[in-house]
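In: Just a sequence and a predicted model for now, questions to come.
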Amino acid sequence: MKSEPSDVSIDDLASLPDQTIDWYGVRNYQARNFMRDQMKPGDGVLFYHSNCAAPGIAGLAEVSKLAYPDRTQFDPEHRYFDAKSTPENPRWVNVDVKLVRKTRLLPLTELYTYPQLANMRTLQRGNRLSITPVDPGEWEFIQTLI
DNA sequence: GCCAACGTTGGC
DNA sequence: GCCAACGTTGGC
């Protein structure tokens, strides 16, 4: 799961109550569907810093709550407000994510060097999704790097 | 700041 | 339903 550290960094997550955040702001249907349909409490999460000087995996986290309506879509003052969404028929959802532990920064440039990760979805050319599945083999390999 | 890639919008 | 225009993502 990608987060811009200028918005929410791994250290920000560590300082939050219960070290947990609602993963608000996803406004892409594919990424939303991953949260809605594939993610359940206890699932492992790679917390990734994107759009920053040192992009890469910054920590391990886990899903701590099933997907539910994203609070920010209903708030007209919020940058993620969606006028077409209603509480009766919400368009956007998010899961909650809880920190497991901060890791060393595993840079994107390093991830690209491992043949074991050659097919990792988030590393594929042109991928822009902020949330992508990680294969079990990729997950296990990454555990050995951090 | 550039730009490739790709998603969304809206006229027709 | 097509597709041009536009917006966003995110590495570099």
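Out: Great, that's in hand. Residues are numbered from 1 along each chain as shown, chains lettered A, B, ... in the order given.

In: Pull the residues that contact stretch A:76-92.
Out: A:24, A:25, A:26, A:27, A:32, A:69, A:70, A:72, A:73, A:74, A:75 (Cβ atoms under 8 Å, 6 or more residues apart in numbering). Every C-beta, even on glycine, is put in place using the N, C-alpha and C of the backbone.

In: next one: stretch A:96-113
Out: A:1, A:10-11, A:13-14, A:18-23, A:44-45, A:47, A:49, A:54-65, A:117, A:120, A:123, A:142, A:145-146.

In: same check, this time on stretch A:137-146
Out: Counting by Cβ under 8 Å, 6+ apart, A:44, A:46, A:57, A:60, A:103-104, A:106, A:110, A:114, A:116-117, A:119-120, A:134 sit against stretch A:137-146.

In: Next step: those restricted to helices.
Out: residue A:110 (DSSP state H).

In: Let me know whether residue A:68 touches residue A:94 as I believe.
Out: Yes. At 7.2 Å, residue A:68 and residue A:94 qualify as touching, with contact defined as Cβ atoms under 8 Å.
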